[in-house]
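Participant: Dropping a prediction and its sequence here:
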Amino acid sequence: MRHLSLDPPDSLNVQPICDLNHQLRQRFGFTEFRHGQREAIEAVLAGRDVLAVMPTGRGKSLCFQLPATLMQGVTLVISPLIALMKDQVDGLRARGIAASAFHSGLSEHERDRVIQDLRLGRIRLLYLAPERVQHERFIRLLRSLWVSRLVVDEAHCISHWGHDFRPDYLRLNDLRRELGSPPCLALTATATKKVQDDICEKLRLNEPLRVVTGFRRPNLRFSVRPCGSNAEKLAALEALLSDAVSGSMLIYCATRKHVEQVAAHLSRDSVLSRLTPDASRRAVGFYHAGLADDVRAKVHEQFLSGQISILVATNAFGMGIDKPDVRLVVHYDVPGSVEAYYQEAGRAGRDGAPARCVLLFQHRDVSTQEYFIQQSPGGHATALRDLLRQMVAYASVEICRQLALLDYFGDVEETALGPCGQCDRCVADPDSRETDHDLLAAARSVLQAVARFHGRFGATKIVEVLHGSLSKSVLGLGLHTTPSFGQLKFLTRPAIGRVIRCLTASGHLRIEGLEFPLLELTDKGARVLEGSVPLLWGPDSEEPSAQRNQPRSAAQLTSRPDPDLFERLRRLRTELAHEEGVAPFLIFHDKTLRHIAGLRPSSVVALQEIPGIGPAKLERYGRKVLEVVNGSE
């Protein structure tokens, strides 16, 4: 650990490693470390460079927040979003940890106060936007301090091979050099081996410890719903929202236009009335980079506080957002890469409770991402197109969705554990064995047509041939002379299109190509035509008939929570959050409230045994919590 203007003290005042569990409990209210956290923290305290790749919700922030409470000097945290900085600073201050952020959203008075606190040594953690490293005056201030650790959050942004490259991140190695090359901790939720190597090279990490924890998210149920039109997407979205009985919901769109269109549709009284139960309590908001800073900040706060329960957004929203109760994440448009999809979908179920991640896949949406690629800086188009191709391939994989994601990220250990048992590929609805003989025959006709043309045509041409179209292209190619011509003339074109989408969703067909997508028969489809296996398919096959194989949350392992007490505790939390001007989950997570509602602690001693309640929160909120538990509000 180095310091330019002051000699570091003989002792860094780092508590012995054996005290880490004590510090975890005292400062953060947790009883044990999650996988990979302790290893990363010990390396940070030992002064090593570290690269930590931990999926969303696995506690990356603790890897630098806990060491900052044990080390002298300032831990400098580079973070790309003001909203993310605010969340983390509010959470740290609630735990009695000195933290501040310096960004463009502060008033001049607030900036002066941060600078004064830095000079007086009152700040342990300082959050900074990557753009700030361009300001020489501020860099001079940092050089006058002892920066004991540089933390680069969302480190994939430094890589051209990552899904969210940001040029400002390339200046961070220069910043590190300016500060005397303090040890560096790079953090990201999603990074392939190639991106990890690029991060280490760009930041000049010196023999870094790499902590890569498992990418499996056992509480998430992944599925893909093929759609033929925007109307079909909206209908599917309404059905998904109606099934989500609690918590918050995130809907990601590729463009600002789609964000506003989808939000406007969901905000209609006629639509809200169909979103049951208790649609009257649901509020819809939208978020994208085209909104004014104060509007975005307000929407962000309303979503975190629960005033907005359905948020429609572009990928400008969500990086590092720590909201635990998101029960549903829907991608209305196909994202540009598997990394982007996994990170955004991973915002569901951060509390460990079951949640759903659904991609509404319409192949023509790929053209939107292709447009973005064409606007990208020179030299990156090929890499971005490869990422998009892999995302499209994910939409039509035949294997377990989680296994496909684990394979993409090279997670061999988690892959060895086998299929998730709950995604749309793993779970077949008992009703998905088609009994309508006409529809069954139609499905076979589609499979035969695709097999006959050997992947030469896309879905539109297959529909034309089966419907018996006499268009110039059909006649010109001589397709009217094939056995498939007019076989399904008794069906409408949209109906034939739905059959194709169902067969694609069930893995009997796959789509190949981006600019000119073509239909191909899979091995599964070929076996059906051979007669070696029955046809199992259906548009809703991703819906399991029962909630089997769902992991039990920590709260379920205690006594069953009293629902009335849980609601009273939620009301108390809302009041406390309003008084302190922070998001409710920064007071207590739902998981903590469920523990309290299940165990009904009657004393301070019993309350401090609840996970998520450390000494600071016990002192600040304990008396009021016990009043609610004991029946007096």
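Facilitator: Done, it's in.

Participant: okay, now Gly486: neighbour count?
Facilitator: Counted with other Cβ atoms under 10 Å, residues neighbouring Gly486 total 15. C-beta coordinates here come from the backbone N, C-alpha and C atoms, glycine included.

Participant: did I read that right, it in a strand?
Facilitator: No - read with DSSP: H, G, I helix; E, B strand; the rest coil, Gly486 is coil and lies in no strand.

Participant: Spell out the residue ranges of the strands in the stretch 201-350 of the chain.
Facilitator: All strands of the stretch 201-350 of the chain, identified by DSSP state E, counting those that start in this stretch, fall at 209-212, 220-226, 248-252, 284-287, 310-313, 326-331.

Participant: Which one, of those, ends up nearest to Thr504?
Facilitator: strand 220-226 (5.3 Å; Cβ to Cβ).

Participant: Give the rounded mean pLDDT of that closest one.
Facilitator: Mean pLDDT, computed over strand 220-226, is 91.

Participant: Name the spans of the stretch 101-250 of the chain whose pLDDT lies under the cut-off.
Facilitator: Within the stretch 101-250 of the chain, the segments meeting pLDDT under 70 span 162-163, 245.

Participant: related to what we said a few turns ago, who wins for proximity to Ile399 among the strands of the stretch 201-350 of the chain?
Facilitator: Short answer: strand 220-226, nearest of the strands of the stretch 201-350 of the chain by Cβ to Cβ, at 11.7 Å.

Participant: before we move on, the earlier item: same list, the strands of the stretch 201-350 of the chain, but as TSV with distance to His380 and mean neighbour count please.
Facilitator: As requested, those are arranged in TSV below (distance: least, Cβ to Cβ, whole Å; neighbours: other Cβ atoms under 10 Å):
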stretch	distance to His380	mean neighbour count
strand 209-212	25	19
strand 220-226	27	25
strand 248-252	22	25
strand 284-287	26	23
strand 310-313	24	26
strand 326-331	23	23
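
Participant: For the residue nearest to Gly105 when sequence neighbours are not counted, give its distance to Tyr287.
Facilitator: Nearest in space to Gly105, with sequence neighbours left out and distances taken as Cβ to Cβ, 6 or more residues apart in numbering, is Ile82 at 5.0 Å. From Ile82 across to Tyr287, the span is 13 Å (Cβ to Cβ, to the nearest Å).

Participant: Also Glu398?
Facilitator: For Glu398, the distance to Tyr287 equals 35 Å [Cβ to Cβ].

Participant: Also Leu599?
Facilitator: Distance of Leu599 to Tyr287, computed by Cβ to Cβ: 37 Å.

Participant: Also Leu509?
Facilitator: 36 Å.

Participant: Touching the host helix or strand of Val625 from outside, list them.
Facilitator: In the assignment (DSSP states H and E), Val625 maps to helix 615-629. Helix 615-629 has contacts (Cβ atoms under 8 Å, 6 or more residues apart in numbering) with 26-27, 29, 94-96, 565, 568-569, 572, 576, 587-588, 596, 600-604, 607-608, 613, 633.

Participant: now stretch 223-235
Facilitator: Looking at what lies outside stretch 223-235 - Cβ under 8 Å, 6+ apart - the contacts are 236, 262, 265, 332, 356-362, 394-396, 401, 423-424, 494, 497-498, 501-502, 504-505, 539, 542.

Participant: hmm, 7 Å instead?
Facilitator: Residues outside stretch 223-235 that contact it (Cβ atoms under 7 Å, 6 or more residues apart in numbering): 236, 265, 332, 358-362, 395, 423-424, 494, 497-498, 501, 504-505, 542.

Participant: Then stretch 156-165?
Facilitator: Identification of contacts with stretch 156-165 by Cβ under 7 Å, 6+ apart yields 80, 166, 169-170, 172, 188, 190-191, 194-195, 198-199, 202-203, 336-337, 339-340, 380, 383, 387.

Participant: Can I have the buried ones of the residues you listed as a ChimeraX selection?
Facilitator: Buried members of these, defined by 16 or more other Cβ atoms under 10 Å, are picked up in ChimeraX with:
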select :80,169,170,172,188,190,191,195,198,199,202,203,336,337,339,340,383,387
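
Participant: Can you name the residues in contact with stretch 586-596?
Facilitator: 90-91, 94, 324-325, 351-352, 553-555, 558, 561, 566, 569-570, 573, 576-577, 610-613, 621, 625, 629.

Participant: Put the alpha carbons of it into PDB.
Facilitator: Only the C-alpha atoms of stretch 586-596 are listed here, as PDB (Å, rounded to 0.1, in the frame of the first residue of the first chain):
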ATOM      1  CA  LEU A 586     -31.700  -0.200   3.300                       C
ATOM      2  CA  ILE A 587     -33.500  -0.400   6.600                       C
ATOM      3  CA  PHE A 588     -34.300  -4.100   6.500                       C
ATOM      4  CA  HIS A 589     -34.700  -6.600   3.700                       C
ATOM      5  CA  ASP A 590     -37.900  -8.600   3.400                       C
ATOM      6  CA  LYS A 591     -35.900 -11.700   4.300                       C
ATOM      7  CA  THR A 592     -35.000 -10.100   7.700                       C
ATOM      8  CA  LEU A 593     -38.700  -9.100   8.300                       C
ATOM      9  CA  ARG A 594     -39.800 -12.700   7.500                       C
ATOM     10  CA  HIS A 595     -37.300 -14.000  10.100                       C
ATOM     11  CA  ILE A 596     -38.700 -11.600  12.700                       C
END
